[in-house]
Structure formats: structure tokens, C-alpha cells
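Engineer: Sequence below, structure please.
(chains A, B, C and D)
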Protein chains: 2
Amino acid sequence: MSDIIKSVDRALDILLYISHIGRPVGASHLSRVMGMHKSTVFRTLITLENKQFLVQDQNTGKYSLGVSVFSMSRKIKLYDIFGPYIKALGRSFKETINVSVLEEPYDGIYRSTIVAKEENNDHALSVNPEIGSSMNCYCSGVGKCLLAFSKNMMPELFNNYNYEKHTDNTIVTSEDLVSELDRIRKRGYALDNEEQELGLTCVAVPIFDSDGWAMAAISFSGPTARICKQDINVLVENLKQVSTEISKTL
Amino acid sequence: MSDIIKSVDRALDILLYISHIGRPVGASHLSRVMGMHKSTVFRTLITLENKQFLVQDQNTGKYSLGVSVFSMSRKIKLYDIFGPYIKALGRSFKETINVSVLEEPYDGIYRSTIVAKEENNDHALSVNPEIGSSMNCYCSGVGKCLLAFSKNMMPELFNNYNYEKHTDNTIVTSEDLVSELDRIRKRGYALDNEEQELGLTCVAVPIFDSDGWAMAAISFSGPTARICKQDINVLVENLKQVSTEISKTL
DNA sequence: GATATTGTTCGATAATATAGAATCTTATTA
DNA sequence: TAATAAGATTCTATATTATCGAACAATATC
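Structural biologist: Residues are numbered from 1 along each chain as shown, chains lettered A, B, ... in the order given. Here you go, the predicted structure:
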């Protein structure tokens, strides 16, 4: 902890703070909130602005996230980000793990995209979706989890699903989906109880952003027999631990 | 320039470099490329990793962009980023300016979204599209500009447009679109020569990423009479100046 | 199995980030 | 419109601390 470069650490705090509060802020405000001297804040702001991590509004003098952040965001490889965490999980438990994010709804349909996965090759039976593949949210663990915990959700759109009854457990009405999402929010995790495919069970938890909304979801999935032999609560606790580890500094 | 905090500046350089080269890199490599001492690089990496701006792959020891960058990217307000630049342009020229980005193709259709605009209220006649509105690329200046300079373009998808002939000048075949894009690449800017609406002219240039691909496009648009009275080359030069200003540090 | 490369640790010194006050600029209130 | 408050910006001295250099440990390479 003592090897950390103080000035850099403070600069990163400022970036995260500006990102978190979501509106332009000035030096004095930051000085108060961060407990740093105004002139130190200012020098840091100058440095961040110079490399375009911040832009200053000429009228108000306040700072927002800059084009460098936008540029970086376009080059992010989500697998690199989530890979290390799920690899660790994969070593402990021998199940398939995947991380998904919610897509912008298109044609009024909410879908999720898989951005990272850790396959389980120890068993013949396992699920292996492709990275980048997208699917409807109503019938998967990560999908429902994202619907339950994401910002700006529009439940009206649930009516746009062309619900397909894959199994007896598949949710096929908006009303059932809404109440299932309530249940998920209450208990803090989602369960795909053979809703997509017979014999396939999945448990998913959200990965929270600094404002408490889901930015992704992470799950164990595998044959019902194997998943249920493990204590679901243990799986959930482990997923939650990784989830909070991921969002710890945001 | 002397007010810049050296350690912070170097940390930002490292972030931009890792983002730019697009694959995980290690301390020694960075030390060589950035001309910094290995242990200084290392301490910087530790600091960036601690706040999750970087993640380290446990197997290789190399670093990638971390979850904090992902988190920030979700909170970016593109208007805050591009607003300051186009405001300055708006003060000089009295025309409508807008900035657009290319959407992920959906249903095989390339569309652009307006992320920032500066309206021109000095004249009764002007164009005022909404921020957030999306439109087909084949019949607008920024749209064609994005098609011409973006990475990973799939020209096959041009066949999916349901071309509508808005005016005599509208492009209505993939072949014509492809050759128009060639022309645009050669001369470095795009022109909407009353292709979308009679009497409406638009000149657009790309905003380049660190790898030379367009991450956005910026344009002047207005009544043909007014736009053409100004020297197109002057407009283009001014747009290009802002464009390079925006991408200068990436 | 030997060698080179790379990730990581540590301590001394000189560079430089910080704090504090002071100035200039914009917004608020009387 | 004047007076006042709040905020942005500049400057400098000092003590903190980032940097360098070298050495170690752990991998990868040949």
C-alpha cells in the first residue's frame, strides 16, 4: 500500500469521482469532497485535462470526462477485464462461468451479450456459449439478473418478447417476468431453474456500478444434478464475493 | 506546461499506450517504450491496478485496461466531451454543427447517432436534428464520413439499405456508395450535396482514434446558398483543425 | 540445463508535489 | 448597480516523496 504513488492515486480518485457524480464539477467542490488542497486539485485537473482525460467547459470552468476516456472505452476488451476474476473462480469450482452485459434494446427487445467465459472441461456435460453471442433475457440467469438490477429499465418492453416455452419452467408472460424480477431483487441473485433447457441450471449475481446499478452479471451454469449437489448459497456467496471485489473501487 | 504533475502525466501516458496497442503489456516493455525506469513504471502500474484502471493477468503478469475504465465509459456524456469544441466552432461560423458516432450495425444496417450539436439560431432556415436520434448513413455527410473511415467496415452490408431517393442526388445503389466512399477517403472529407433534402448542404470530417480509424464525425450543415457562399475548403480546414485538436493526445 | 528476459523489491538522494496565501474572475445578493 | 461571496488560477518555499539504480526472484527461451 505504501508503494502507491500518491499523486497518481489522487488523480484516479478525481476521475472516478467525476465519473460517479455524472455532471461537470469544479476545483473547489473537488477540494472539499476529496479532502485535498484546492491548488493541488487544480494542478491535477490541469494534468488530466492536458491529456484529455477531462474537458473543461469554457463557460462554467467545470470539468467532465474527456475524449481520452471515450477513446479508451472503444478499445476495452471485456475479456481482459473479467477474465482474471473468473479464472480464479474457475479454479475453485469446476463449473462454467460467464459474464454478460445488457445490450441497448433494439426493436424494443432486451438482450444480453456474453463478454467473458471460463469453460469447464472436466466434465463431458457442460454449456458453452460463444463470446459475443447475444440472447433474449427472459430465459437465462444472467439475462433476468440484468433486467432486475439495471438502470432505466422499461418494463413495457417486456411485452415485445416473442416468448418461447423451451421447458415447463420457462417464463412466457410479462407479468410472470415482472414478479420473477421482484423476487430476484429481494433475494439478490437470479436462478435459471431449467427454464432454457431441461437439465440446465444457472445461478447469477449482478456486478454493481458505483451508483448501485448492474453493469454486468456473472454466473455459474451446468447440469442441474451437479449444480444442485453444491449448496446454491455457497455458489451465490462466491459469486457475490467476486462481484464486490470487481466493483470495490468504483 | 510546467504545472503538470509528472507522475500523473506518465501514468496517463501508460493508460493511453496500453489502450492504443490493444493487448496486455508488461513493465519491461513499457519501460522501453515510454523511456521510464522499470521500477518507476512498476510503481505506476501498481497504483493503476490498485484503483482497477488496469488488471493484471495472473499467468503472464501483463496488464490490460481494467474495470474502472469500463465503469467510466458507461457514464460518459458525449455532449460534455464534444460540446466545448463545437461551441468554439459555433462562435466563429454561424452554422449548425453536429457530432455523430457510428452505431453497431443492427439487422445489418449501418446507422449514425447524433451525440452533440450546436444550433445556429441566427438564421430562420437551419437544420435541427435531436441529440440521440439515429439515421441511415448512406444519405448524410457524417454518415458517409463514418462509413468511409471506420474500422472493420463490411461493405456487403450496404446492400441491406432500403435506399430511398430523397432528391436527385441521393445515392441509391451500393456500387455508387462504395465509389463515393473511395472519393471521400481520397479527399479526406465528405459532402452531402443536397442528397438528403433539397437545399441542404453538409460538409463532414472524421475524428480519428489513435489507430487512425474514425471514432466520430463532425460537420457543418445548412442551406446550400449559405454554405456554398463560404469557401468549402475553409470550412473543411476548420473542421479538420478541431478534429486533430480533439485527437491530439490519444 | 544454461542464459536471457521480465516481474518485483528496497533504499538513498535529488527532484517535485504539496500546502498556503494571494490574485483574478464570475456569480450572488443587497 | 454596488458589495460580497464563491470559485478558478497563479506563485513560491519546504518537506515530502517520486525517481533512479541496483539487486533479487521468477519465468521463458534456447
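Engineer: mind showing which ranges of chain A have poor pLDDT?
Structural biologist: Counting by pLDDT under 70, chain A contains low-confidence residues at A:1-2, A:121-127.
Engineer: Run a quick neighbour tally on A:Val69.
Structural biologist: Using other CB atoms under 10 Å in any protein chain shown, A:Val69 has 25 neighbouring residues. C-betas here are computed from N, CA, C, even on glycine.
Engineer: repeat for A:Asp176
Structural biologist: Number of residues near A:Asp176 (other CB under 10 Å) recorded here: 14.
Engineer: The residue nearest to the spatial centre of chain A in helix, strand or coil?
Structural biologist: Nearest to the mean C-alpha position of chain A, counting by CA atoms, centre = their mean, stands A:Ala216 at 1.9 Å. For A:Ala216, the assignment made with DSSP: H, G, I helix; E, B strand; the rest coil gives strand.
Engineer: Spell out, range by range, the strands that occur in chain A.
Structural biologist: Residue ranges of the strands in chain A, as given by DSSP state E, are A:54-56, A:63-65, A:96-102, A:111-118, A:134-136, A:190-193, A:200-208, A:214-223.
Engineer: How is chain A partitioned into domains?
Structural biologist: Domain segmentation of chain A under automatic domain parsing yields A:6-73, A:78-246.
Engineer: so how far is A:Leu78 from A:Val67?
Structural biologist: Spatial separation of A:Val67 from A:Leu78 under the definition CB to CB, to the nearest Å is 21 Å.
Engineer: who has more neighbours, these two?
Structural biologist: A count of neighbours by other CB under 10 Å puts A:Val67 above the other of A:Val67 and A:Leu78, at 27 against 20.
Engineer: So the more buried one sits against B:Ile81, correct?
Structural biologist: Yes. With contacts defined as CB atoms under 8 Å, A:Val67 counts as touching B:Ile81 at a distance of 5.2 Å.
Engineer: anything in contact with each of these two?
Structural biologist: Between them, A:Val67 and B:Ile81 share the neighbouring residues A:Val55, with contact defined by CB atoms under 8 Å, 6 or more residues apart in numbering or on different chains.
Engineer: for the residue of chain A found nearest DNA strand D, phi and psi?
Structural biologist: The minimum distance from chain A to DNA strand D, using CB to the nearest atom of the strand, falls at A:Gly26 (1.6 Å). Note on A:Gly26: backbone dihedrals following degrees, to the nearest 10 are phi -110, psi 180.
Engineer: coming back round to it: quick one: the domains of chain A as JSON lines, columns for distance to chain B too.
Structural biologist: Shown next, in JSON lines, are the domains of chain A (distance: least, CB to the nearest CB, whole Å):
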{"stretch": "domain A:6-73", "distance to chain B": "3"}
{"stretch": "domain A:78-246", "distance to chain B": "4"}
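Engineer: Tabulate those (JSON lines), appending distance to B:Lys117.
Structural biologist: Compiled in JSON lines, those are given as follows (distance: least, CB to CB, whole Å):
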{"stretch": "domain A:6-73", "distance to B:Lys117": "16"}
{"stretch": "domain A:78-246", "distance to B:Lys117": "20"}
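Engineer: Which one, of these, ends up nearest to B:Lys38?
Structural biologist: Proximity to B:Lys38 (CB to CB) singles out domain A:6-73 among the domains of chain A, at 16.8 Å.
Engineer: Distance from the closest one to the middle of the chain?
Structural biologist: Taking CA atoms, centre = their mean, to the nearest Å, one finds domain A:6-73 lying 24 Å from the centre of the chain it belongs to.
Engineer: related to what we said a few turns ago, would you confirm that the residue nearest to the centre of chain A contacts A:Val101?
Structural biologist: Yes. Counting by CB under 8 Å, a contact exists between A:Ala216 and A:Val101, whose distance comes to 4.9 Å.
Engineer: Can you work out which residues contact both of those two?
Structural biologist: In terms of CB under 8 Å, 6+ apart, A:Ala216 and A:Val101 are both contacted by the residues A:115, A:146.
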